[in-house]
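Peer 1: attaching a predicted model along with its sequence, questions to come.
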Amino acid sequence: MQITEIYKSVQGESTYAGLPCVFVRLTGCNLRCTWCDSEYTFQGGRKMTVAEVRDEVSRLSPGGGLVEITGGEPMLQEREVVPLMQELLGHGYQLLLETSGERLLAGVPPEVVKIVDVKCPDSGEADTFAMDNLRALNRRDEIKFVLSSRADYEFAVAFTRAHDLARRVNAVLFSPAFRKDATGTRDSSHCLLDPQQLAQWIIADNVPVRLGLQLHKFIWDPAVKGV
Ligand code: SF4
């Protein structure tokens, strides 16, 4: 499979935020979200076998631990990445899969926690969510909306309620988008939607969701990759 990078850091998003985690970042994406902070994954990378990826994961986190498979869009390489998931599960790793929601997820092993985006209008990739994926979700999975405006928020609330997401999955995450050219200060001034504003909307509307911040962008310079 084509791999952009493998590194160890602290998980920045989801209910696993704050935990040490090895990231396996696959190359390539078929979407072009306006605020994408992973454009460097669109090309390049290097070819690695399942065994080579497993060995690198095991060097960084011997004997188990948390691993996130991300991208780019990892499910574009489903034929290679599903065997990798099976291999890592067999070696005792706990797996997260971060995916755009555009690819079908029925073939993902059930032990893998899926963190699935539903793209909002301001991403420029609205209507890409594969609705069949609602049936592939289970109570350990998480759904994430990245928001840059009130219109995005209203879309996310309507989708959450229409599909009763809070009862289908472990967490529904509402996360402010970050400016993709953010650099320097490690604070919320780089958010395209003020987290305080988002918090006030969630409280006022009593929406059953979790406000998420990209923790790594408050720990390291937001421009730094591989952290
Ligand atoms: S799906 Fe993810 S990697 Fe692809 S363009 Fe959108 S944010 Fe970037």
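Peer 2: Looks like it arrived, so ask away. Keep in mind that what you see is a predicted model, and the values were worked out from it rather than measured. Numbering: from 1, shown residues only.
Peer 1: who's in contact with the residue positioned nearest the centre of the chain?
Peer 2: In the chain, the C-alpha closest to the average C-alpha coordinate belongs to residue 98, at a distance of 3.7 Å (C-alpha atoms, centre = their mean). Going by C-beta atoms under 8 Å, 6 or more residues apart in numbering, residue 98 touches 13, 68, 69, 70, 71, 74, 115. Every C-beta, even on glycine, is put in place using the N, C-alpha and C of the backbone.
Peer 1: again, 6 Å this time
Peer 2: 68, 70, 115 (C-beta atoms under 6 Å, 6 or more residues apart in numbering).
Peer 1: try residue 74
Peer 2: 26, 81.
Peer 1: for it, give me phi and psi.
Peer 2: Dihedral pair for residue 74: phi -60, psi -30, per degrees, to the nearest 10.
Peer 1: what about the residue nearest to residue 168 when sequence neighbours are not counted, distance to residue 165?
Peer 2: Excluding the flanking residues, the one nearest residue 168 by C-beta to C-beta, 6 or more residues apart in numbering is residue 137, at 5.4 Å. Relative to residue 165, residue 137 is positioned 9 Å away (criterion: C-beta to C-beta, to the nearest Å).
Peer 1: cool, and residue 151?
Peer 2: 19 Å.
Peer 1: and the two? Which one has more around it.
Peer 2: Per other C-beta atoms under 10 Å, whichever of residue 151 and residue 165 has more neighbours is residue 165, with 21 against 12.
Peer 1: looking at it, that one is touching residue 172, isn't it?
Peer 2: Yes - Residue 165 lies in contact with residue 172 (C-beta atoms under 6 Å); the separation is 4.8 Å.
Peer 1: contacts only, for the closest residue to residue 27 other than its chain neighbours.
Peer 2: Leaving aside its chain neighbours, residue 27 sits nearest to residue 45 (3.3 Å; criterion: C-beta to C-beta, 6+ apart). By C-beta under 6 Å, 6+ apart, residue 45 lies in contact with 2, 3, 4, 27.
Peer 1: farthest pair within those?
Peer 2: Longest distance between any two of the contacts of residue 45 is 7.7 Å, between 2 and 4; criterion C-beta to C-beta.
Peer 1: so how far is the worst-scoring helix or strand of the chain on mean pLDDT off the chain centroid?
Peer 2: Using mean pLDDT, DSSP states H and E, helix 216-219 stands out as the lowest-scoring helix or strand of the chain, at a mean of 86. Relative to its chain's centre, helix 216-219 lies at 15 Å (C-alpha atoms, centre = their mean, to the nearest Å).
Peer 1: with stretch 48-63 instead?
Peer 2: Relative to its chain's centre, stretch 48-63 lies at 21 Å (C-alpha atoms, centre = their mean).
Peer 1: ditto for stretch 71-79
Peer 2: Put simply, stretch 71-79 sits 13 Å off its chain's centre (C-alpha atoms, centre = their mean).
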